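> Sequence first, predicted coordinates after that:
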2 protein chains.
Amino acid sequence: MKWEENVRKVEPYVPGEQPQKVNVIKLNTNECPYPPAPGVRDKLQRLSTDRFRLYPDTSAGALAQALCEYYKISTEQLFIGVGSDDVLSMAFLTFFNSNKPVFFPDITYSFYDVWAQLYRIPYETKALDDDLRIKKEDYLAANGGIVIPNPNAPTGVFEDVDIMEEIIAANRDSVVIIDEAYVDFGGESCLKLIDKYDNLLVVQTFSKSRAMAGMRIGFAMGNPKLIGYLQDAKFSFNSYTMNTPSIELGAEAVKDAEYFKETIEKIVSTRERTKLKLKELGFSFPDSKGNFIFATHERIPAKEIFEALKEKNIFVRFWDKPRIGNYLRISIGTDEEMDILVENLKGMVK
Amino acid sequence: MKWEENVRKVEPYVPGEQPQKVNVIKLNTNECPYPPAPGVRDKLQRLSTDRFRLYPDTSAGALAQALCEYYKISTEQLFIGVGSDDVLSMAFLTFFNSNKPVFFPDITYSFYDVWAQLYRIPYETKALDDDLRIKKEDYLAANGGIVIPNPNAPTGVFEDVDIMEEIIAANRDSVVIIDEAYVDFGGESCLKLIDKYDNLLVVQTFSKSRAMAGMRIGFAMGNPKLIGYLQDAKFSFNSYTMNTPSIELGAEAVKDAEYFKETIEKIVSTRERTKLKLKELGFSFPDSKGNFIFATHERIPAKEIFEALKEKNIFVRFWDKPRIGNYLRISIGTDEEMDILVENLKGMVK
């Protein structure tokens, strides 16, 4: 079939398993173990399906307003998309059109190289050091753009905002994207730098700390010029991406700042408690500031533990890849879920 | 700012106005005047917001199953996206990677050239004839792909499936996309040809006949190989695009085939009734098979009518563009809405 010659062929990204069984403990895709704010349920009950016949508000008004109030920014500094994947992918397409390579870490979110290939963007990965940390000097060479997740995934390592600022300041000729999907769990945002650096784009998501992976909401914050280019690209691609429920229910999630804070505190407390228990069992890991722990065991291969846990209906994430093939990424669930995990691990590593 | 040199600059698409006022008659974006099926409201009430913390089903299972049952196809023949804009844009990106130009009509859906520019796809528009009809022979030259909406927008003209088949059959080396956003209002689908031609992709949407513009659901049907390439591209772009409400509520809309049929019958009947009244007032138009009429008046310029109607809070669509600058695209609302429109037009054209 000759039409196949003109197909853009890509290596598809393989997302974490979504087991359809019930009674599984799902610690493999960094979802929030707690439901969204109670206001979301109330709003859902009040949503009129009659409105669904109309196109949604292209500016995602209610959601944008809630985010602008929470982060104290203007709507000109905000871009909203269908999950941070949509936002990041749109940013790659919009900002990375140089012949110089885009830089990102070798161990990082697995979508970056997929988007680069999809859009035919040259790129170079920069190796993390042996402690799985970014080496700042790697990002000071000529480039066509930079993407750094902070905290990094799947390592959980958070680098000081001062280090990010040095990288941003040294690259005023390219756009630097700081992917802050996990920043709410103990990191610090680069948001405070967006007025100072017009080349900085900060990306966040509703899928982790805001307990709304199922609603597909992500957003970017940056100076109005940067955001304007993103909006132009998005509007030429698909003007209406955020559906009415995501706009209305997303806004409710943001409005309840107290619930948001409590949820995060619970997850952080469970994470720290789990770290102690994993250490006792012979695991080591970088000090995670995400809602997951990236752990390796002193004796038992990660793959073996991964499969044994799966047998017990406990799902964690494992990549059979260079450098990280002996690690498990374990999402933080409830205290009860983590206790069951630890009990099962005890049996496996004894 | 040097980073701007590497920005992909595009002409943003300007969607139809979404007036925020109440008590307007909105006949400018081809929305359905009737709400979605009653089952959608019931399902909404039963949706658990607790599930929103989890990533949605990447296969959009419930929705896919409902569509496959309705259209009697297999899931391997179905691709689902965030509105048909997402589906079409993904198809452009995936299938149109030739150095030869992609063909589409000069008067057509205004996103085609925007996507071609965004993805740097060479294209050539083919002029409709003086009756605003496609000239089949235009599509028989060497090309990198073909997109034809049937019925065409904004003209409403439907071409026989036999003519489409001739075009598809003559272009086995490129992918031919038939954009059937408006096919349910009296046209005939090319769906019956997907088993015969592996180069055919049929695209439809929930935004018009299924009364769900606010939910953002579109889909494509084609042979499994074609669909597989689309899925690969989509999964490498964003694995989770359909949110949980769109999957669950979209499925309910499809299940109620009776309500769907009734809705369409009402709209078609209102359209035919409106045609007669517009003719009496001195309007002429191609015989529309869409949920809109593309009309021009024998004396009064379209722009003048457009603005006068807006004064009366009646919104229709007008493009200040070559060849169509004296036409209005009037969406079909309820009988009551169309009566008010006609009453107002009477005053303007007398």
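Looks like it came in fine. Numbers count the residues shown, from 1 in each chain, chains lettered A, B, ... in the order given.
> Could you look up the SS state of residue A:269?
The local conformation at residue A:269, judged by DSSP: H, G, I helix; E, B strand; the rest coil, is helix.
> Residue A:289 contacts residue A:181, correct?
No - with contact defined as C-beta atoms under 8 Å, residue A:289 does not count as touching residue A:181 (11.7 Å). From N, CA and C alone the C-beta is placed, and that goes for glycine too.
> The two - which one has more neighbours?
residue A:181 (25 against 22; other C-beta atoms under 10 Å in any protein chain shown).
> ok, now which ones touch the most centrally placed residue in chain A?
Centroid-nearest residue in chain A: residue A:181, 3.3 Å away (criterion: C-alpha atoms, centre = their mean). When contacts are counted by C-beta atoms under 8 Å, 6 or more residues apart in numbering or on different chains, residue A:181 touches A:84, A:109, A:149, A:153, A:203, A:204, A:205, A:207, A:208.
> List the ones among those residues that fall in helices.
Residues of the contacts of residue A:181 located in helices (DSSP state H): residue A:84.
> What I need now is the contacts of residue A:181 written out in JSON lines, including neighbour count and pLDDT for each item.
Formatted as JSON lines, the contacts of residue A:181 follow (neighbours: other C-beta atoms under 10 Å in any protein chain shown; pLDDT from 0 to 100):
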{"residue": "A:84", "neighbour count": "27", "pLDDT": "96"}
{"residue": "A:109", "neighbour count": "19", "pLDDT": "94"}
{"residue": "A:149", "neighbour count": "27", "pLDDT": "98"}
{"residue": "A:153", "neighbour count": "23", "pLDDT": "96"}
{"residue": "A:203", "neighbour count": "24", "pLDDT": "98"}
{"residue": "A:204", "neighbour count": "26", "pLDDT": "98"}
{"residue": "A:205", "neighbour count": "25", "pLDDT": "98"}
{"residue": "A:207", "neighbour count": "26", "pLDDT": "97"}
{"residue": "A:208", "neighbour count": "27", "pLDDT": "97"}
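> Also within reach of chain B: list those from the contacts of residue A:181.
Contacts with chain B within the contacts of residue A:181, as defined by C-beta under 8 Å from any C-beta of the partner chain: residue A:207.
> Residue A:312 contacts residue A:344, doesn't it?
Yes - taking C-beta under 8 Å as the definition, residue A:312 is a contact partner of residue A:344 at 5.3 Å.
> Counting neighbours, what do you get for the nearest residue in space to residue A:271 that is not next to it in sequence?
Ranked by C-beta to C-beta, 6 or more residues apart in numbering or on different chains and with sequence neighbours excluded, the top spatial neighbour of residue A:271 is residue A:332, at 4.7 Å. Using other C-beta under 10 Å, residue A:332 is surrounded by 28 other residues.
> neighbouring contacts of stretch A:3-13?
Under C-beta under 8 Å, 6+ apart, the answer for stretch A:3-13 is A:110-111, A:114, A:117-118, B:93-98, B:144-145, B:172-175, B:198-199, B:225, B:229, B:231-233, B:235-236, B:239.
> what about 7 Å?
If you take C-beta atoms under 7 Å, 6 or more residues apart in numbering or on different chains as the criterion, stretch A:3-13 is touched by A:110-111, A:114, A:117-118, B:93-98, B:144, B:173-175, B:199, B:229, B:232-233, B:235-236, B:239.
> One more: stretch A:277-289?
A:131-132, A:151, A:155-158, A:182, A:185-187, A:271, A:293-299, A:342, A:345-346, A:349.
> Buried among those residues? Make that a PyMOL selection.
Buried residues within those, by 16 or more other C-beta atoms under 10 Å in any protein chain shown, are selected in PyMOL with:
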select buried, chain A and resi 132+151+155+156+157+158+182+185+186+187+271+293+294+295+296+297+342+345+349
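> Can you flag which of the contacts of stretch A:277-289 belong to strands?
Residues of the contacts of stretch A:277-289 located in strands (DSSP state E): A:293, A:294, A:295, A:296, A:297.
> List the contacts of the fourth one.
Contact analysis of residue A:296 by C-beta under 7 Å, 6+ apart lists A:283, A:284, A:285, A:302, A:326, A:327.
> Not including adjacent chain positions, what is the nearest residue to the residue nearest to the centre of chain A?
residue A:205 (4.9 Å).
> Domain ranges for chain A, per the record?
A:18-36+A:258-349, A:38-43+A:53-255 (automatic domain parsing).
> deepest of the ones you listed, which one?
Highest mean neighbour count among those (mean count of other C-beta atoms under 10 Å in any protein chain shown): domain A:38-43+A:53-255, with a mean of 21.
> Any idea how far apart the tips of that one sit?
Across domain A:38-43+A:53-255, the terminal residues are separated by 11 Å (C-alpha to C-alpha, to the nearest Å).
> what's the spacing between stretch A:11-23 and its chain's center?
Its chain's C-alpha centre and that of stretch A:11-23 lie 17 Å apart, by C-alpha atoms, centre = their mean, to the nearest Å.
> err, stretch A:207-222, not the other one
8 Å.
> Please apply the same query to stretch A:77-95.
Mean-position distance between stretch A:77-95 and its chain equals 12 Å (C-alpha atoms, centre = their mean).
> now stretch A:9-16
Distance, centroid of stretch A:9-16 to centroid of chain: 17 Å (C-alpha atoms, centre = their mean).
> and what of stretch A:282-301?
For stretch A:282-301, the distance to the chain centre is 19 Å (C-alpha atoms, centre = their mean).
> For it, C-alpha coordinates in CSV please.
This file holds the C-alpha atoms of stretch A:282-301, laid out as CSV (Å, rounded to 0.1, in the frame of the first residue of the first chain):
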residue,chain,number,x,y,z
GLY,A,282,16.9,-2.8,52.5
PHE,A,283,15.6,-0.4,49.8
SER,A,284,17.5,2.7,48.9
PHE,A,285,16.2,5.7,46.9
PRO,A,286,16.9,9.3,46.1
ASP,A,287,15.0,11.6,48.6
SER,A,288,11.7,12.0,46.7
LYS,A,289,9.7,15.2,46.7
GLY,A,290,7.1,13.7,44.5
ASN,A,291,4.1,11.5,45.3
PHE,A,292,6.2,8.4,44.6
ILE,A,293,9.4,6.8,45.6
PHE,A,294,12.0,5.5,43.1
ALA,A,295,13.5,2.6,45.0
THR,A,296,16.0,-0.2,44.4
HIS,A,297,16.7,-3.1,46.7
GLU,A,298,20.2,-4.2,47.9
ARG,A,299,19.7,-7.8,46.9
ILE,A,300,16.4,-8.6,45.0
PRO,A,301,16.2,-7.4,41.4
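> Rounded mean pLDDT for it, please.
For stretch A:282-301, the mean per-residue pLDDT is 98.
> Going along the chain, name the strands of the stretch 151-300 of chain A.
For the stretch 151-300 of chain A, the strands defined by DSSP state E, counting those that start in this stretch occupy A:176-179, A:200-205, A:218-221, A:283-284, A:292-297.
> how far away is residue A:278 from chain B?
Remark: distance between residue A:278 and chain B (C-beta to the nearest C-beta, to the nearest Å) = 24 Å.
> Likewise for residue A:216?
Taking C-beta to the nearest C-beta, one finds residue A:216 at 4 Å from chain B.
> Thanks again, I'm all set now.
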